[in-house]
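[1] Below is the sequence, then the predicted model.
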Amino acid sequence: MRARAEHIRKMRIWLPMVFVALLLLYSASSAAEVCQRKVAPLEGDWQEHRAGEFIVQYTRSGEHALHTPANTTASDIPDVIADAATQLEAMRELLEYLQFQLPLESPRYQTQGATHVLVRFRDLQKVNGRAFDEVRRLPSGECVLIIEITARYRSGNLTPAHEYFHQVQNGYAPFKRPWFYEGTARWAETILGKKVVTAAPVPENEEDLQALWRKSYGAVSTWQGLVEQCDNSPAEETIPEHLSDLRYRDGRPVLGDSRINGYAFIRQALEELARLGDRLSLEDGVTPYRWPEKMQRDSRFDSDMWNAVMRACAYMPASTTSQEP
């Protein structure tokens with residue numbers, strides 16, 4: 001039964017994605033054209049550290065200089081850079097282990113030729129990090145997604161994992177409504193076992209929904225309420241030992257514990273939102289994965305998005321409580 005449910009789940013994911021991928025092949029903007037747009041250069045003497053699919057760029061001088069460039073090892077890589085790369089690789093591998101669709105494996109970014117995630121540490125005045133959904137080209141010719149992290153970054157802060165989850169969201173669906181986009185990205189920080197989120201009641205009327213839709217990061221409490229209502233899967237996961245053993249340079253564990261509560265529901269919600277995005281693209285005559293930024297943030301989709309989340313909740317019992325014969 002469990003194997004059959006998993007097969008059905010995968011078919012529900014990939015059939016719409018295959019359809020949209022075929023549409024993209026016939027769109028006016030080809031993948032090659034998209035990736036011809038260059039990464040905007042920044043002033044400074046930039047250095048690069050590569051870790052798996054991540055290209056981490058930083059500078060020790062000028063406007064974008066790291067505030068904490070200390071290095072406690074024999075390598076030439078600052079501690080904050082090495083620690084951020086470790087966190088990103090751990091987050092990526094955990095999401096893969098939990099069967100989330102990774103950004104570079106999504107139809108959206110595969111059709112645009114993206115092969116790496118560029119992580120730039122730079123001066124950011126008002127935010128700690130941000131993620132961009134467009135694919136850009138490096139001077140090397142590599143096509144990348146871009147994450148930017150403040151040069152004030154301190155090791156152990158979960159901004160890199162948070163911003164990487166935004167790229168996961170971008171790979172699934174076009175929506176950037178803050179109650180969804182920031183709420184679930186804040187939930188994603190709990191994957192590393194570092195935060196405890198207090199659950200809020202799930203909205204039961206229009207007034208409660210309107211209040212939720214006005215939220216941003218604070219919506220994480222409602223998402224935790226949804227997790228507790230919708231997801232019956234165990235909170236404890238058997239984490240691969242090499243991930244459990246990961247440490248930052250000062251010896252702190254990268255994973256706080258093995259509790260990863262609600263991932264099956266969040267994953268299902270992303271899949272439902274992906275299907276909704278495909279449908280709305282057809283209805284509105286918008287090229288899939290090419291929604292204007294204003295449309296991605298449009299509040300007119302709140303009700304449809306909430307209905308998709310409720311469908312994810314309704315789907316959960318069969319996928320999380322079924323037993324092997």
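    Sure thing, it's come through.

[2] Could you check the helix or strand where Thr86 lies and say which residues are buried?
    Element membership for Thr86, per DSSP states H and E: helix 79-97. Buried residues in helix 79-97, counted by 16 or more other CB atoms under 10 Å: 79-95. Where C-beta positions appear, they are placed from N, C-alpha and C, glycine not excepted.

[3] Now do the next helix or strand after that helix: which elements does it pack against?
    Counting by DSSP H and E, the element after helix 79-97 in chain order, helix or strand, is helix 107-110. Judged by 3 or more CB pairs under 8 Å, 6 or more residues apart in numbering; DSSP states H and E, the packing partners of helix 107-110 are helix 2-25, helix 159-172.

[4] By mean pLDDT, show me the worst of the ones you listed.
    Across the helices and strands packed on helix 107-110, helix 2-25 has the smallest mean pLDDT, namely a mean of 51.

[5] tell me the mean pLDDT over the helix holding Thr86?
    97.

[6] between it and helix 159-172, how big is the angle?
    Helix 79-97 and helix 159-172 are oriented at 40 degrees to each other (axes from the mean of the first three to the mean of the last three CA atoms, to 10 degrees).

[7] Please give the centre-to-centre distance between helix 79-97 and its chain.
    13 Å (CA atoms, centre = their mean, to the nearest Å).

[8] Could you do stretch 171-189 as well?
    8 Å.

[9] Same question for stretch 227-247.
    The answer for stretch 227-247 is 17 Å, by CA atoms, centre = their mean.

[10] Okay, now the unreliable bits of the stretch 51-200 of the chain?
    194-195 (pLDDT under 70).

[11] how about a cut-off of 80?
    Applying pLDDT under 80 to the stretch 51-200 of the chain flags the ranges 193-196.

[12] For the nearest residue to Arg37 once chain neighbours are set aside, which residues are in contact?
    Distances taken as CB to CB, 6 or more residues apart in numbering place Arg136 nearest to Arg37, at 5.5 Å, with adjacent residues excluded. Applying CB atoms under 8 Å, 6 or more residues apart in numbering, we find Arg136 in contact with Cys35, Arg37, Lys38, Val39, Ala40, Leu118, Cys143, Val144, Ile146.

[13] in the sheet, who's paired with Arg136?
    When assigned by DSSP bridges, Arg136 has beta-bridge partners Val144.

[14] do you know how far it is from Ile147?
    The gap separating Arg136 from Ile147 is 12 Å, by CB to CB, to the nearest Å.

[15] joint contacts of those two?
    Leu118.

[16] Would you agree Asn261 is in contact with Gly225?
    No. With contacts counted by CB atoms under 8 Å, Asn261 stays clear of Gly225, the gap being 11.9 Å.

[17] which of these two has more neighbours?
    Asn261 (22 against 17; other CB atoms under 10 Å).
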